[in-house]
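> Sequence isn't available, so here's the structure alone:
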């Protein structure tokens with residue numbers, strides 16, 4: 001797996017990507033709070049998206065339900081299971097999110113992120129409507145951010161490394177994100193029984209591609225020039 005570290009694309013409209021850093025900060029804060037809670041698994045169940053509960057074919061025990069079921073479409077995207085889960089998601093968000101926010105503006109970026117996260121969760125729920133395991137994590141929304149980045153900055157170059165073996169790479173963003181999307185598609189169709197929400201990733205990718213043109217600044221082109 002290739003882990004991105006840096007893209008070198010300068011911000012053109014914002015001095016500081018406050019929206020992206022705020023999302024990262026909230027995710028980290030929630031993770032720390034949940035890890036210090038006495039019953040982390042119960043909270044993950046209460047705040048995650050459970051398809052069967054969302055569609056009314058199952059009922060969550062009143063002593064577990066902390067928020068109304070529709071609200072879990074929002075809360076679920078800020079809950080992570082372990083340090084590897086949140087680190088991987090926040091790394092992607094750190095590399096790609098600031099430039100997508102720059103292209104959209106902070107307010108539109110935050111709305112884009114939340115809408116795409118909800119669409120991702122609904123996609124997952126629609127594909128496994130009887131599922132009773134909670135969907136948690138920001139990866140659906142972050143998949144949308146990565147897809148938006150691909151359409152906005154395909155000619156940018158990504159610095160990173162292959163995890164096994166430890167090999168540094170410097171490749172075009174179009175290569176990295178396209179290969180990553182291909183991996184999500186293959187995994188979604190072949191990963192039955194996996195505890196990873198591949199269909200949420202695909203829902204996020206689809207939402208990101210569909211909405212980036214609506215949310216970006218008018219003067220920012222799709223498929224931008226080389227940077």
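Thanks, I have it. Note that the structure is predicted; figures quoted are calculated from it, not measured. Numbers count the residues shown, from 1 in each chain.

> Quick check: phi and psi on residue 5?
Taking degrees, to the nearest 10, you get phi -120, psi -40 for the backbone angles of residue 5.

> okay, now it: neighbour count?
As a burial measure, residue 5 scores 14 neighbours (other CB atoms under 10 Å). In this view, the C-beta of every residue, glycine as well, is placed from N, C-alpha and C.

> Surely it touches residue 159?
Yes - under the criterion of CB atoms under 8 Å, residue 5 makes contact with residue 159 at 5.2 Å.

> distance of residue 161 from residue 4?
Note on residue 161: its distance to residue 4, by CB to CB, to the nearest Å, is 9 Å.

> Comparing the two, which residue is more hemmed in?
residue 4 (21 against 15).

> looking at this, the more buried one is in a helix?
No - Residue 4: not assigned to a helix; according to DSSP: H, G, I helix; E, B strand; the rest coil it is strand.

> I figured it was touching residue 95, is that so?
Yes - counting by CB under 8 Å, residue 4 does reach residue 95; the two are 4.4 Å apart.

> Kindly check the end-to-end length of stretch 70-83 for me.
Start and end residues of stretch 70-83 are separated by 27 Å (CA to CA, to the nearest Å).

> buried stuff in it?
The neighbour-count check on stretch 70-83 (16 or more other CB atoms under 10 Å) flags 72, 73, 75, 76, 77, 78, 79, 80, 81 as buried.

> so how far is it from its chain's centroid?
11 Å (CA atoms, centre = their mean, to the nearest Å).

> where in this structure is pLDDT low?
Along the chain, the parts satisfying pLDDT under 70 run over 1, 163-165, 191-195, 225-227.

> show me where it has strands.
Assigned by DSSP state E, the chain shows strands spanning 2-6, 157-162, 167-172.

> The first one pairs with which strands, parallel or anti?
Each strand that pairs with strand 2-6, with its direction, by DSSP bridges: strand 157-162 (antiparallel).

> Distance from the chain centre to the partner strand, please.
Using CA atoms, centre = their mean, the offset of strand 157-162 from its chain centre is 19 Å.

> and the angle for it with strand 167-172?
150 degrees (axes from the mean of the first three to the mean of the last three CA atoms, to 10 degrees).

> now what about strand 157-162, what contacts it?
Strand 157-162 has contacts (CB atoms under 8 Å, 6 or more residues apart in numbering) with 1-8, 95, 167-173, 176, 227.

> same thing but at 10 Å, please
1-9, 91, 95-96, 149, 167-177, 226-227 (CB atoms under 10 Å, 6 or more residues apart in numbering).

> From those, keep the buried residues only.
2, 4, 7, 9, 91, 95-96, 149, 169, 173-174, 176-177.

> how about the residues you listed, which pair is most distant?
By the measure CB to CB, 91 and 174 form the most distant pair in the buried ones among the contacts of strand 157-162, at 19.4 Å.

> How many residues are close by residue 130?
Neighbour number of residue 130 under other CB under 10 Å is 10.

> quick one: contacts for it?
Contacts of residue 130 by CB under 10 Å, 6+ apart are 51, 52, 55, 57, 58.

> With distance to residue 155 and neighbour count as extra columns, can I get these in a markdown table?
What follows is the contacts of residue 130, written out as a markdown table (distance: CB to CB, whole Å; neighbours: other CB atoms under 10 Å):
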| residue | distance to residue 155 | neighbour count |
| --- | --- | --- |
| 51 | 39 | 22 |
| 52 | 44 | 17 |
| 55 | 42 | 14 |
| 57 | 47 | 11 |
| 58 | 47 | 13 |
